[in-house]
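S.K.: need a structure here:
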Amino acid sequence: MNKIFLLVITLVLTTFNLEAQERQILDKIIGIIDNQIVLQSEVEEQFRLMEAQQGTVPPEARCLIADQLFVQKLLLAQADKDSLVVSEEEVNQQINSRIEYILSMMGGDYEQFENYYGMSVLEMRERYRIDMKQQLLTERMQGTVMETVSVTPFEVREFFNTIPKDSLPYFNAEVELGEIVFKPKVNKVELKKAYDRIADIRRRVIEEDADFAKLATENSDDPGSAAQGGSLGWVKRGVMVPEFEAALFKLKNKEYSPIIKTEFGYHFIQSVERRGNTVYARHVLIKPEITFDDIDLAKARLDTIRNLILTDSVTFTQAVKRYSEDEQSKNNAGLMLNPKTGTTLFEVGDLPTEVYFAIDEMKVGDISKPLEYYDARQEQQFRIVKLLSFSDPHKANLNDDYAKIQTATIERKKGQHMSDWIDAKVVKTYIQLEPEYQQCPNMKKWTEKGVAKVN
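M.R.: Next up is the predicted model:
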């Protein structure tokens, strides 16, 4: 079995982009592996992705893709046998994070999102729920297969020594950073203004029988639903934030909620129709405004925290635990994670712009002044960053790059481990493959070792 470094689990974010393009595929089953089927449309989807990424594709591209899909389906089949599960909450979280990322790239423009994809955010969530669940199950099964893989220092050195000296990678300058994040807080005056607005809208709907859809369109701060008269479509449990969901699922048909406060602001909700655990809902959202004074206060507060650290009144680590409001870095002792690599190391060129310029003249151990930035929801925040480490550009060596070399060693070992696992499973698995794909040299292993094949 060849090494499985080519295994690619289709990311739903990429699928979103491909689905936005009009296409018509005459679909058919090209393979069966245990209780899973492989469709021609899946191959074509991956083929278009390869074209989009590489421009030109090798002649054997569809054969390579089919092999990857068979590995994915084998993992799914085994996940079913092992009774692995992923919760609806996990599925929703992953879909929401991808949609939020897309929206952040579009400046939070829901109308642009709908025009590009031809569907609302809610419709997008529902359409890709099964795909996301399968992706998470595949990743979980793969993680189960790999969980026992580890390497010794001897194996790391041995792997490094197999790399020809003239082929050693060259690493750019890298940094490791800690952060403390502080978010501007809405003042009481603006909170009351927002509450009074939503209360007035609710009163007009309930007491004066005002048109809910018209008021939502004219007033709601949720642009996606406002354009639809406040409609959220059919909502399942686990999709919305807890406070909103708890209020919604208490309502009867045509019933209105009291005013609900969530992290997004104040909501007024109507349950239009309910079918079991699904509700057709609409709402109005009023967001309290953050004033310039609120922003200045947050910046000043963070500057005070910085001064406490600089005067040794509190350590950076203690300040992270007490004050930071970014849960990811807070739970990682303040360390910033590189979203591209999942590690704490950043190539200098990959840093956010404001951080890049801030650390330009900093030394290891220095702490920046408060830096303004915007999160994935385009909400304004501030952070101070501490320069924890810095490495000059250099050729790879064991002293400076042991962690990276160790990771590469583990990945190579995982590839071999996965190959061995697949070999062991294939001989016990029912497999069928359409004749056109039996001609692929890399697919012979599936039919030669599998329990059955199509002649």
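
S.K.: I'd say residue 94 and residue 136 touch.
M.R.: Yes. Checked against Cβ atoms under 8 Å, the pair residue 94 and residue 136 is within contact range at 6.6 Å. For every residue, glycine as well, the C-beta is placed using N, CA and C.

S.K.: which residues touch residue 151?
M.R.: Contacts for residue 151 were tallied using Cβ atoms under 8 Å, 6 or more residues apart in numbering; they are 159, 406, 409, 410, 413.

S.K.: Can you tell me the SS state at it?
M.R.: The three-state label given to residue 151 by DSSP: H, G, I helix; E, B strand; the rest coil is coil.

S.K.: quick one, phi/psi of it?
M.R.: Here is the backbone geometry of residue 151 (degrees, to the nearest 10): phi -130, psi 150.

S.K.: Please tell me how far it sits from residue 161.
M.R.: Going from residue 151 to residue 161 by Cβ to Cβ, to the nearest Å gives 14 Å.

S.K.: Same check on residue 292?
M.R.: 60 Å.

S.K.: so residue 57, which of the three states?
M.R.: Under three-state DSSP, residue 57 falls in the coil class.

S.K.: And it, how far from residue 155?
M.R.: 35 Å.

S.K.: how about stretch 348-358: buried residues?
M.R.: Residues of stretch 348-358 classed as buried by neighbour count (16 or more other Cβ atoms under 10 Å): 348, 351, 355, 358.

S.K.: got the end-to-end distance for that stretch?
M.R.: End-to-end distance of stretch 348-358 (Cα to Cα, to the nearest Å): 12 Å.

S.K.: what does that stretch rub up against?
M.R.: 172-175, 177, 338, 340, 359, 368-369, 371-373, 385.

S.K.: ok, these vs residue 446, which is closest?
M.R.: Distance to residue 446 across the contacts of stretch 348-358 (Cβ to Cβ) is lowest for residue 340, with 33.5 Å.

S.K.: list the helices and strands whatever helix or strand residue 385 lives in packs on?
M.R.: Assigned by DSSP states H and E, residue 385 belongs to strand 380-391. Secondary-structure packing of strand 380-391 (3 or more Cβ pairs under 8 Å, 6 or more residues apart in numbering; DSSP states H and E): strand 174-182, helix 292-310, strand 371-374.

S.K.: tell me the mean pLDDT for the shortest one?
M.R.: What that stands for is strand 371-374. Averaged across strand 371-374, pLDDT comes to 92.

S.K.: Please shift the residue numbers so they start at 38 in all later answers.
M.R.: Fine by me, first position is 38 from now on; the one you just mentioned is strand 408-411.

S.K.: In its sheet, which strands sit next to it, and in what direction?
M.R.: Within its sheet, strand 408-411 is paired with strand 417-428 (antiparallel), according to DSSP bridges.

S.K.: buried sites along the partner strand?
M.R.: Neighbour counts over strand 417-428 (16+ other Cβ under 10 Å) mark 418, 419, 420, 421, 422, 423, 424, 425 as buried.
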